[in-house]
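S.K.: Turn this into a model:
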Amino acid sequence: MRRCFGIFFVGFLLAVSRGLVAGALPPVEGNIAGELKLFPQLSGFTLPWKLTLGALSGGGQVFGFSIDGAGARLRANGQVDLVTGDGSWQIDESQIDAAAWFAACAPRLLPAFSGAVVEGKVSVVGTGTLHQGQVTGRIRIEWHDGAVRHAEQGWSLEGVAFQGEFALDGAAARLVSTAPFEFTVRTVTTTRFGARKVFMQALLTEQQTLSVTAAKVEIAGGEVTADPFEAPLSPLTVNALLRINRVGLQDIVVLVPTAGLDDARGRIDGVVRLKWTEALGIQLGVGNLVIHSDEPAIVRLTPAAGLLTARVPQYFDLLPAWFGPLARWARPVNPAYAAMKSIELGQAELRVKTLDVLLTPDGDERGRSATVRLVAQPEQPGSAVKEVSFDVNVAGPLNEVLKLGIDRGFSVGVH
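M.R.: Residues are numbered from 1 along each chain as shown. A predicted model of the protein is given here:
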């Protein structure tokens, strides 16, 4: 919505600086008013505007410009030397209703977000110059009490705020940061997870690239931060190294319902590269994850009959089968079998000793894109199973790591 409004205002300044210069018109006084329809397809979305002109001694022209309607309020003024075309401009006050302008701009500028609803007020103030028909200057943009919701997709951002200062280049129709801007979100809600305290600090460069200097979010009781990275805007591409600190395993299980874990407690640390493009979506890069060592980690497997017991006997056959009834009588029960069955059916909790996840999207020496090793022991005192280990190897696209299940190739060790 800022871009829609900004294009209109820059166009107005260009008309003033080019139309009232070089003797094209003498200084005039009076008022001109009208209505502008930026979006003809939207009935009722019109901008009532008013231009007030006055004469300066020496042949200069002063002007005041105002808009009040269609969710926008603007008060600006300036002056132009009608001989040289040089002058100045200033936005004293402006306020934009984010809901109205997003609904109007999104279908053309952000079609992927057309179903979203935006709230909050955006204000713009600034000052600058007119020189030989070109508009330059600085503006400050702020968005307070914002929210973005998409009911159909089931997500929302609450407590959205933005503030930044930019240099305005009318000739190139672009903004460039004069200082790092800040974007914050109080809470993020989706159908799969929640997060809070989103913070991003970045610069918009002359190449129209976001130079992100700091980014972090609190999620699952822990924090994820990003190393500084560059994100081109056209097309938007993100390639960031994320550092994970004390993120809760219980929320990771919710995020990855096919991971073979029905429940998990504890915290995880690690580093992982995250890539995103509109064409390919989220892609995982090289990284590793480990269990945080300062508190116990407990997991419970998703019930899967035979996961462990299919690999061990229920009885020990001490005599050959041809001994008949005697052989059947002399078959002691495997003391670990009941415990293993309880583990594979998700009835027993396991205390994790080690959990290591290594992500190698381009493949390691064995062609694996991910390697997961879990070593755990039953929580139940006196269990006949002292330790269970799982080795999971994944080949193919690393995105599949998010779909790990018990049906993939693995080996199981019991001690």
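S.K.: Tell me the pLDDT of Arg311.
M.R.: At Arg311, the predicted lDDT confidence score is 76.
S.K.: So what's the residue count around it?
M.R.: 12 (other Cβ atoms under 10 Å). All C-beta spots, glycine's among them, are computed from the backbone N, C-alpha and C.
S.K.: what is Thr184 paired to in the beta sheet?
M.R.: On the basis of DSSP bridges, Thr184 is bridged to Ala161, Phe199.
S.K.: Contacts only, for it.
M.R.: By Cβ atoms under 8 Å, 6 or more residues apart in numbering, the residues touching Thr184 are 159-162, 197-200.
S.K.: most surrounded residue in those?
M.R.: Result: Val160 is most packed of these (other Cβ under 10 Å), 21 neighbours.
S.K.: Low-confidence stretches in the stretch 251-400 of the chain?
M.R.: 252-260, 315-331, 333, 395-400 (pLDDT under 70).
S.K.: Just the helices from it, written as ranges.
M.R.: 325-329, 337-344 (DSSP state H, counting those that start in this stretch).
S.K.: Okay, domains of this protein per the record?
M.R.: For the chain, automatic domain parsing gives the domain ranges 2-234, 235-415.
S.K.: my read: Leu241 touches Asp227, true?
M.R.: Yes. The criterion here is Cβ atoms under 8 Å, and Leu241 meets it with Asp227 at 4.4 Å.
S.K.: Please identify which of those two sits among more neighbours.
M.R.: Comparing Leu241 with Asp227 by neighbour count (other Cβ under 10 Å), the higher total belongs to Leu241, at 16 against 13.
S.K.: Between all of the contacts of Thr184, which two are at the greatest distance?
M.R.: Farthest-apart pair in those is Phe162 and Lys197; separation 15.3 Å (Cβ to Cβ).
S.K.: phi, psi of Ala99?
M.R.: phi -60, psi -50 (degrees, to the nearest 10).
S.K.: which residues does it contact?
M.R.: Neighbours of Ala99 in contact, by Cβ under 8 Å, 6+ apart: 71, 117-120.
S.K.: if I look at it, how far off is Val122?
M.R.: According to Cβ to Cβ, to the nearest Å, Ala99 and Val122 sit 11 Å apart.
S.K.: How about Val238?
M.R.: 24 Å.
S.K.: Looking at those two, which one has more neighbours?
M.R.: Val122 (23 against 17).
S.K.: Figure out the helix or strand that that one lives in.
M.R.: Take DSSP states H and E as the rule and Val122 turns out to sit in strand 117-131.
S.K.: Which positions within the helix or strand following that strand qualify as buried?
M.R.: The C-terminal neighbour of strand 117-131 among helices and strands, as given by DSSP H and E, is strand 134-150. Using 16 or more other Cβ atoms under 10 Å as the test for burial, strand 134-150 gives 134-135, 137, 139-143, 146-149.
S.K.: okay, those residues in CSV with distance to His292 and pLDDT next?
M.R.: Shown next, in CSV, are the buried residues of strand 134-150 (distance: Cβ to Cβ, whole Å; pLDDT from 0 to 100):
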residue, distance to His292, pLDDT
Gln134, 56, 82
Val135, 54, 88
Gly137, 50, 94
Ile139, 45, 94
Arg140, 42, 95
Ile141, 40, 95
Glu142, 38, 96
Trp143, 36, 95
Gly146, 34, 95
Ala147, 33, 97
Val148, 32, 95
Arg149, 34, 95
